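1. the amino acid sequence is not available; the structure is as follows:
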């Protein structure tokens, strides 16, 4: 089957997790850059990556990449690309654009030149003077970075964070892709307890349950490329069958979310129900100062805390957030065998939490620059082999 170039886009700081996911899917031929991972695959990769990638924003088909410092250069090289090999005669193809540190800095002008070049290429191939654009959507994008243009067609449609289970949200929701990324960074394993003690509308515990059951996050949604002749229907059917076969429905999980806000917990339970995960995640109303881990055995339970507390971004909230971080530090310290992963943009977090992080990692929650503070607990002792009589 013909090999194609694809790009999985990612939030800054999440590139290594997306690359890790791609390797798990078998796509080793990849190049990691800021905000994107370019990889090679066949057309089945379009279906499989859209269904399985938890931390990527979207999957794009790369049409070409070249240097362009003038509009004439841009037009000529865009027109030379094999658009008609992908776009049918009636394709609807809007053009998005962005330009960073490039001589062609006017994004509307760049979009207009690219649109005209694609129209002219398509009109020449199909021998038409007017293209109807009444068919399926092929969203094209031109991205200019330091005078290098990358031309892509989006295969995803709505961003990959749209899993379909969260029609209702609480204030300042965390994207599902970032929530999954925090869990993957923690290297949590499904046989270990998992708690989010400031869970809001439940995104982190629900994503943990999907990871624990090995459920493909895109299994129950649609994608733009499903309507493309390039990716036959049977390819999507096979990819979904694979996802169903790999689902570990009977795995027992210890996942809990709590929050002081009863309305947030109501939303969390609703979202878990929408996702079909109510039996795998437990939610309860509880203040973080009263935090308790589930079923703590003698000697400690080596579990994981992953949470996204308030940042104190609004005026007047700073004192409340400082007190909250003090409560978190006191509550979590009662469980020294647990590992904690806390995402916040608050620069003095460690001071109020009362402990310096083992490691920190820079991430972005939307446009907010954050740090993931990682407090790594001790390794769980290996079970001792029975001694011989």
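-> It's in. Computed from a predicted model, the values in this text were never measured in an experiment.

2. the helices in the protein, which residues?
-> Here the chain has its helices, by DSSP state H, at 15-24, 44-52, 71-79, 107-126, 176-186, 203-212, 233-246, 262-274, 318-332, 349-353.

3. what packs against the second one?
-> With contacts defined as 3 or more C-beta pairs under 8 Å, 6 or more residues apart in numbering; DSSP states H and E, the secondary structure elements packing on helix 44-52 are strand 4-9, strand 36-41, strand 58-67, helix 233-246. Just so you know, the C-beta spots here come from the backbone N, C-alpha and C atoms, and that holds for glycine as well.

4. let's see that with 7 Å instead.
-> Contact here means 3 or more C-beta pairs under 7 Å, 6 or more residues apart in numbering; DSSP states H and E; on that basis helix 44-52 packs against strand 4-9, strand 58-67, helix 233-246.

5. and for the shortest one?
-> Counting contacts by 3+ C-beta pairs under 7 Å, 6+ apart, helix 349-353 packs against helix 318-332.

6. how's the protein carved up into domains?
-> Following automatic domain parsing, one finds the domains of the chain at 4-154, 176-219+248-375.

7. who wins for proximity to residue 242 among those domains?
-> domain 4-154 (7.4 Å; C-beta to C-beta).

8. what about the closest one, how long is it end to end?
-> 14 Å (C-alpha to C-alpha, to the nearest Å).

9. residues contacting residue 272?
-> For residue 272, the contacting residues are 202, 206, 278, 281, by C-beta atoms under 7 Å, 6 or more residues apart in numbering.

10. what do you get if the cut-off is 10 Å, keeping everything else the same?
-> 165, 201-202, 205-206, 209, 255, 257, 278-283 (C-beta atoms under 10 Å, 6 or more residues apart in numbering).

11. circling back: tabulate the helices of the chain in TSV, adding columns for distance to residue 30.
-> As requested, the helices of the chain are exported to TSV (distance: least, C-beta to C-beta, whole Å):
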stretch	distance to residue 30
helix 15-24	6
helix 44-52	11
helix 71-79	25
helix 107-126	26
helix 176-186	17
helix 203-212	21
helix 233-246	19
helix 262-274	33
helix 318-332	37
helix 349-353	34
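
12. out of those helices, which is the most enclosed?
-> Highest mean neighbour count of the helices of the chain: helix 203-212, a mean of 27 (counted as mean count of other C-beta atoms under 10 Å).

13. just give me the neighbour total for residue 101.
-> 9 (other C-beta atoms under 10 Å).

14. just the buried residues of the contacts of residue 272.
-> Using 16 or more other C-beta atoms under 10 Å as the burial test, the contacts of residue 272 include 165, 201-202, 205-206, 209, 255, 257, 278, 280-283 as buried.

15. so which of these belong to strands?
-> Among the buried ones among the contacts of residue 272, the ones falling in strands (DSSP state E) are 255, 257, 281-283.

16. closest one of these to residue 348?
-> residue 257 (26.5 Å).

17. compute the number of surrounding residues for the nearest residue to that closest one once chain neighbours are set aside.
-> Spatially, and ignoring its direct neighbours in sequence, residue 257 is nearest to residue 199 (3.3 Å; C-beta to C-beta, 6 or more residues apart in numbering). By other C-beta under 10 Å, the residues close to residue 199 number 29.

18. quick check: phi and psi at residue 199.
-> phi -80, psi -10 (degrees, to the nearest 10).

19. show me the contacts for it.
-> 170, 174, 205-206, 256-259, 261, 264-265, 267-268, 281, 283-284, 286, 306-308.

20. then residue 368?
-> 172, 311, 313, 343-345.

21. and which of the residues you listed is nearest to residue 115?
-> residue 172 (36.5 Å).

22. spatially, what comes nearest to residue 63 if we skip its sequence neighbours?
-> Nearest to residue 63 is residue 151, by C-beta to C-beta, 6+ apart, at 4.3 Å.

23. over to residue 34?
-> Nearest to residue 34 is residue 12, by C-beta to C-beta, 6+ apart, at 6.5 Å.

24. got the phi and psi for the one you found?
-> According to degrees, to the nearest 10, residue 12 has phi -60, psi 130.
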